[in-house]
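Peer 1: Prediction below, plus the sequence it came from.
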Amino acid sequence: MEEKEFKEIEENIKRFGWFFLGGEFECPGLKKENIRFYLKHHKLPSLCDKCYKALLFWEDHYSKENLEKFFKMVNSFEIKHEGKFNRRIVAFHFRDKNKMLHFLEHLEKKMQEFGVKGITQWRRSCKAYQDLKPELWENEMEFMPDTEKIKEHNHYT
């Protein structure tokens with residue numbers, strides 16, 4: 001990776017918050033109407049309910065050298081991928097949990113093969129939903145709207 005390419009990536013991250021990989025993933029984002037729906041119905045909006053993310057956390061490994069290895073790895077993928085990254089995290093987006101889990105296994109093997117440093121994990125939907133109503137989530141992977149739990153929480157708040 002040339003210094004020019006690295007600077008372009010840095011500029012994109014600075015300007016847009018992300019550098020995009022693969023195609024564009026259909027994401028409604030955290031629009032006001034989606035947040036209102038979520039808060040009112042205790043359900044994720046339709047597209048968000050089908051959103052799964054394979055994550056790679058750079059930890060302290062975001063660097064030009066690790067990005068070079070990362071791009072070599074990504075270019076070797078036989079599996080179609082869409083995602084984005086910044087200086088903290090890489091997020092690959094999927095509409096199917098099983099495909100995402102298969103991809104995550106593939107990602108971990110490829111990271112070892114190419115020497116890409118970071119830690120993998122996965123989550124459902126945007127973290128902002130979990131932050132807004134943590135009582136609806138078992139953890140970052142399990143959205144568990146339990147109406148009794150919600151009633152109990154609302155009663156005490």
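Peer 2: That came through fine.
Peer 1: what about the closest residue to Tyr52 other than its chain neighbours, which helix or strand?
Peer 2: Distances taken as CB to CB, 6 or more residues apart in numbering place Met100 nearest to Tyr52, at 4.0 Å, with adjacent residues excluded. Where C-beta positions appear, they are placed from N, C-alpha and C, glycine not excepted. Using DSSP states H and E, the element containing Met100 is helix 97-114.
Peer 1: thinking again about what came up before, residues near the residue nearest to Tyr52, how many?
Peer 2: Under the neighbour criterion other CB atoms under 10 Å, Met100 is assigned a count of 20.
Peer 1: Quick check: which element contains the nearest residue to Trp137 once chain neighbours are set aside?
Peer 2: Taking CB to CB, 6+ apart, and ignoring the residues beside it in sequence, Trp137 has Gln130 as its nearest neighbour in space, at 4.7 Å. Remark: Gln130 resides in helix 127-132, with elements defined by DSSP H and E.
Peer 1: before we move on, what about Leu30?
Peer 2: With DSSP H and E as criterion, Leu30 is part of no helix or strand.
Peer 1: do the same with the one 4 residues further on
Peer 2: With elements delineated by DSSP H and E, Asn34 resides in helix 32-41, which encompasses its position.
Peer 1: Buried residues of the helix or strand just after that helix, list them for me.
Peer 2: Scanning forward in sequence from helix 32-41, with DSSP H and E defining helices and strands, the next element found is helix 46-49. Buried residues in helix 46-49, counting neighbours by 16 or more other CB atoms under 10 Å, are found at Cys48.
Peer 1: From Cys27, how far off is the nearest residue to Lys97 once chain neighbours are set aside?
Peer 2: Nearest-residue entry for Lys97: Tyr52, 5.1 Å, with adjacent residues in sequence omitted and distances by CB to CB, 6+ apart. Counting by CB to CB, to the nearest Å, the gap from Tyr52 to Cys27 is 12 Å.
Peer 1: okay, the two: which has more neighbours?
Peer 2: Remark: of Tyr52 and Cys27, Tyr52 carries more neighbours, 21 against 13, as counted by other CB under 10 Å.
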